[in-house]
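In: Below is the structure, and that's it, no one-letter string:
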DNA sequence: TAGATTGTTAATCGATTAACAATC
DNA sequence: TAGATTGTTAATCGATTAACAATC
């Protein structure tokens, strides 16, 4: 379900998924006062190969490593933060103020990643007009208009699967260019709109298979 | 950050991530009364190649397709549900009753995937003893004991990154064999414990890069 | 029958890993 | 210096795609 554009950054999608974990570790090292870190040390921590770590570092960072000592921790942190686009500020609207949607609105952690939820929508008349985490819930039929007026670049979809495509259309109509989709459904969107799926169903399936494998067979 | 065991099912991890979307679509078709569906039709809907769809279907389903008509929708649904382990019931404890943790507790959708959160823990004395969604919040130092006594197979981690490894250790100590980790940090766990990371930071980074790419260059 | 669709076997593509010279 | 570590170039591995005979 991942579409397009992975090629353009010199890093595979898989590699990009490793970066936030590298960054967290490097920050931890920095906090402990560690100045440099070697690829083999990082690899050991993550149970990856040292070559993979070196390749990943080389792809996002201009900070060359030095034989014997390794890579400068602070330099790597800076380059990774920049590559990951932390610091970039992205405004988003959220659609679907159910339990998951409310949680994302309340969750403070996203500001670290430069995400700010500036408005929320719902279809339920009982929710419209109420406030969650200091933000009014607006009626869903205002999505297109508000996104267009405020030039909102991003939408977060936390509605049930059956409504997700309609909401997606409304967001696209409003000029949104990125969609973070929590509904377990494929969304059709124009080429220039990136749909990023948060696939919790697959995570749970993998866990379930693992748990039942040990008891089931062999 | 994905470890071990992908080989054992004849499906790549990427393929498994496609399954929940197939399943949702097939259920939708079934509801509309559609009896059979062809691989090219499914491929068109998801913007995938028809060969990939056929390979995926063949890997999870014994329901053979018929030339001209395609695959039986109901048969595919049954086989996919079984493969994904829906129907299997998994009990889990959740650690970290912050906004994200609370949302996961309240979110009803997980029961569809066979997940039941039977207890929640937190370190914050202000939260301990309170009730969320009908469940008492227990003190974190009881994790190991309760997991062991109740033979809980799975833990969900929604604590801050700095505490995640400690919580992970407590869960493993208690005999948990699967961990769903929402903290943006790599967890070390024994071979037999599957750590499934929910990598929201990477999703946001990909969205952020996409949004800034269009404005930035070219 | 004709043609759409299947399933299988081979080819391609991309990511990871291995080999190794360079260097602090 | 010796040896750990880097960065690069080549080899391997796995997933996706292409080719094509079989079939309803």
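Out: Nice, I can see it. This one's a predicted model, so the numbers in the text were calculated from it and none came from an experiment.
In: near DNA strand D, anything from the helix or strand of chain A with the lowest mean pLDDT?
Out: The helix or strand of chain A with the lowest confidence, counting by mean pLDDT, DSSP states H and E, is helix A:200-216 at a mean of 86. No: contact of helix A:200-216 with DNA strand D (Cβ under 7 Å from any atom of the strand) is absent, the minimum separation being 12.9 Å. No exception for glycine: its C-beta is placed from N, CA and C like everyone else's.
In: next one: stretch A:78-92
Out: No: residues of stretch A:78-92 contacting DNA strand D under Cβ under 7 Å from any atom of the strand: none, with a closest distance of 12.1 Å.
In: which parts of the least confident helix or strand of chain A are buried?
Out: With burial defined by 16 or more other Cβ atoms under 10 Å in any protein chain shown, the residues of helix A:200-216 counted as buried are A:200-213.
In: So residue A:148 versus chain B, what's the distance?
Out: Between residue A:148 and chain B the distance, using Cβ to the nearest Cβ, to the nearest Å, works out to 16 Å.
In: Check which helix or strand that residue maps to.
Out: Per DSSP states H and E, residue A:148 falls inside helix A:143-150.
In: Equivalent analysis for residue A:195, please.
Out: Counting by DSSP H and E, the element that carries residue A:195 is strand A:194-197.
In: so what does that strand touch, helix or strand wise?
Out: strand A:178-181, helix B:200-216 (3 or more Cβ pairs under 8 Å, 6 or more residues apart in numbering or on different chains; DSSP states H and E).
In: Can I get those in a markdown table including distance to DNA strand C?
Out: Shown next, in a markdown table, are the helices and strands packed on strand A:194-197 (distance: least, Cβ to the nearest atom of the strand, whole Å):
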| stretch | distance to DNA strand C |
| --- | --- |
| strand A:178-181 | 21 |
| helix B:200-216 | 13 |
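In: Kindly reformat these as CSV containing distance to residue A:24.
Out: Below are those laid out as CSV (distance: least, Cβ to Cβ, whole Å):
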stretch, distance to residue A:24
strand A:178-181, 20
helix B:200-216, 8
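In: what packs against the longest helix anywhere in chain A?
Out: In chain A, assigned by DSSP state H, the helix with the most residues is helix A:13-31. For helix A:13-31, the packing partners by 3+ Cβ pairs under 8 Å, 6+ apart come out as helix A:39-46, helix A:50-60, helix A:73-84, helix B:200-216.
In: just how off-centre is it within its chain?
Out: Relative to its chain's centre, helix A:13-31 lies at 14 Å (Cα atoms, centre = their mean, to the nearest Å).
In: anything in it sitting right up against DNA strand C?
Out: Yes: if you take Cβ under 7 Å from any atom of the strand as the test, helix A:13-31 does meet DNA strand C, through A:13, A:14, A:15.
In: Name the residues that touch that helix?
Out: Here helix A:13-31 makes contact (Cβ atoms under 8 Å, 6 or more residues apart in numbering or on different chains) with A:2, A:6, A:9, A:37, A:42, A:45-46, A:48, A:53, A:55-57, A:59-60, A:73-74, A:76-77, A:80-81, A:83-84, B:1, B:161, B:184-186, B:197, B:199, B:201-202, B:205-206.
In: if you set the cut-off to 7 Å instead, what comes out?
Out: Residues outside helix A:13-31 that contact it (Cβ atoms under 7 Å, 6 or more residues apart in numbering or on different chains): A:2, A:6, A:37, A:42, A:45-46, A:56, A:59-60, A:73-74, A:76-77, A:80-81, A:83-84, B:1, B:161, B:184-186, B:199, B:201-202, B:205-206.
In: Could you identify the buried members of these?
Out: Neighbour counting with 16+ other Cβ under 10 Å marks A:37, A:42, A:45-46, A:56, A:59-60, A:73-74, A:76-77, A:80-81, A:83-84, B:1, B:161, B:184-186, B:199, B:201-202, B:205-206 as buried within the contacts of helix A:13-31.
In: how about residue A:92, secondary structure?
Out: For residue A:92, the assignment made with DSSP: H, G, I helix; E, B strand; the rest coil gives strand.
In: Can you give me the domain assignment for chain A?
Out: A:6-84, A:90-202 (automatic domain parsing).
In: quick one, which of these is packed in tightest?
Out: Highest mean neighbour count of these: domain A:90-202, a mean of 19 (counted as mean count of other Cβ atoms under 10 Å in any protein chain shown).
In: In chain A, spot the strand with the most residues.
Out: In chain A, assigned by DSSP state E, the strand with the most residues is strand A:115-122.
In: Next up, the contacts around residue A:73.
Out: Contacts here follow Cβ under 7 Å, 6+ apart; on that basis residue A:73 touches A:26, A:29, A:30, A:34, A:35, A:36, A:37.
In: of all those residues, which comes closest to chain B?
Out: Nearest to chain B among these, counting by Cβ to the nearest Cβ, is residue A:26 at 11.7 Å.
In: Next one: that closest one from DNA strand C, what distance?
Out: Distance, residue A:26 to DNA strand C, using Cβ to the nearest atom of the strand, to the nearest Å: 19 Å.
In: and the residue of chain A nearest chain B?
Out: Across chain A, no residue is closer to chain B than residue A:103, which sits at 2.5 Å (Cβ to the nearest Cβ).
In: so how far is the helix or strand harbouring that residue off the chain centroid?
Out: If you go by DSSP H and E, residue A:103 is part of helix A:99-106. Here helix A:99-106 shows a centroid-to-chain-centroid distance of 15 Å under the convention Cα atoms, centre = their mean.
In: before we move on, what about stretch A:73-89?
Out: Chain-centre distance of stretch A:73-89: 15 Å, with Cα atoms, centre = their mean.
In: What average pLDDT does that stretch get?
Out: Averaging pLDDT along stretch A:73-89 gives 94.
In: Point out the other helices and strands that the helix holding residue A:103 packs with.
Out: strand A:90-95, strand A:115-122, helix B:99-106 (3 or more Cβ pairs under 7 Å, 6 or more residues apart in numbering or on different chains; DSSP states H and E).
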